[in-house]
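Dropping a prediction and its sequence here:
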Amino acid sequence: MPLVCKYIALHVHDLRRAVELYGPTFGMQVALRETERDGEWWTVPHDASWDDVAAGGVDVQMAALRRDELVLVLFRGAPTSGTVYEISLGLPRDEIERLEADLPDDVQVIERGDAFLRFDDPFGFRWVVQPEDATFRSSGEIAGRWLEV
């Protein structure tokens, strides 16, 4: 039976901005938003806008974005232990080209290749997008950089 990634959870310093960046960048939709009160999580109604939520005095602390079977869970804050080195997503080739063309100015492209893009976002995460059928390979192999030993 295959091992399937169900979700990735990250801490971000600006939750609304992260949703506005990651949603369009990766073609993800907001699945839910929540706040914690007295140790319990409460879900924000789906039809409430960010402005509605703020006007109601609700401090959204978590948002989940979904595309197909993958959920990207975003928590407002900073990680307290461990870090994420890099996150890789497989996308159709034409979508990778669209993604690179539409990246906001505060995203730094680190490396690009044939249907391959590595970039750092303003929240401190490094992303790699490559074709959905790509197999795991080293960065050196992808770029054709081999050591002489």
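Received it, and whenever you're ready, just let me know what you need.

Sheet partners, orientation included, of the longest strand anywhere in the chain?
When the chain is parsed with DSSP state E, its longest strand is strand 29-37. Sheet pairing of strand 29-37 (DSSP bridges) gives strand 40-43 (antiparallel), strand 62-67 (antiparallel).

Mind listing what's buried along the helix or strand just after the first one?
Using DSSP states H and E, the helix or strand that follows strand 40-43 in sequence is helix 50-55. Counting neighbours by 16 or more other C-beta atoms under 10 Å, one finds that the buried residues in helix 50-55 are 50, 53. To be clear about C-beta, it is placed using only N, CA and C from the backbone, and glycine gets the same treatment.

Would you mind pulling the contact partners of helix 50-55?
16, 33, 44, 60 (C-beta atoms under 8 Å, 6 or more residues apart in numbering).

At the geometric centre of this structure, which residue sits there?
A centroid search over the chain (C-alpha atoms, centre = their mean) returns residue 22, at 5.1 Å, as the residue closest to the centre.

Now do that residue against residue 40, distance only.
Using C-beta to C-beta, to the nearest Å, residue 22 is found at 26 Å from residue 40.

Start and end of stretch 60-71, how far apart?
In stretch 60-71, first residue to last residue: 18 Å (C-alpha to C-alpha, to the nearest Å).

buried ones in it?
60-67, 70-71.

Contacts made by that stretch with the rest, please.
4-8, 15-16, 18-19, 22-23, 26-36, 41, 44, 50, 53, 72-77, 89.

Tell me how confident the model is about stretch 136-149, as a mean pLDDT.
Mean pLDDT, computed over stretch 136-149, is 73.

circling back to that earlier point, would you mind listing which of the contacts of stretch 60-71 are buried?
Members of those classed as buried by 16+ other C-beta under 10 Å are 15-16, 18-19, 22-23, 26, 28, 32-35, 44, 50, 53, 72-76, 89.

between the buried residues of stretch 60-71, which is closest to residue 137?
residue 70 (21.0 Å; C-beta to C-beta).
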